[in-house]
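Student: sequence-free structure coming up:
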């Protein structure tokens, strides 16, 4: 009986590792994300189904823009500094790396960076 239970735990562990490898390999498909970054995202985010929408994941990671409203005027600012620091750090760094290798993303990144330099 104990031997069967031990084998069952080993099988569960094996299949858990296979699921992890599949999910990590999916993350590796994105430009700018390396193996260690994929592991970081996999373990920090955990089960993606716990977020009911992409907006909630973005907010959890601290990548949502700050919002200032007064009367009928709305102004969006920089990303908020709340949320998971490691995920926010890694994804902003990955975005900078993606801008180095993808011409379309480079143009977008440079447009945003030039706008940021002009602001006081």
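Tutor: Nice, I can see it. From a predicted model like this one, the values you see are computed outputs, not experimental measurements.

Student: going forward, measure contacts between C-alpha atoms and count neighbours the same way
Tutor: Fine.

Student: list the buried ones in stretch 39-51?
Tutor: Judged by neighbour count (16 or more other Cα atoms under 10 Å), stretch 39-51 contains these buried residues: 39-42, 45.

Student: quote the end-to-end distance of that stretch.
Tutor: 19 Å (Cα to Cα, to the nearest Å).

Student: what count of nearby residues applies to residue 107?
Tutor: 13 (other Cα atoms under 10 Å).

Student: hey, where'd the helices end up in the chain?
Tutor: 2-27, 35-45, 54-61, 85-101, 103-118 (DSSP state H).

Student: between those helices, which one is closest to residue 67.
Tutor: helix 54-61 (12.4 Å; Cα to Cα).

Student: between the closest one and helix 85-101, how big is the angle?
Tutor: For helix 54-61 against helix 85-101, the angle by axes from the mean of the first three to the mean of the last three Cα atoms, to 10 degrees is 110 degrees.

Student: elements contacting helix 54-61?
Tutor: Secondary-structure packing of helix 54-61 (3 or more Cα pairs under 8 Å, 6 or more residues apart in numbering; DSSP states H and E): helix 85-101.
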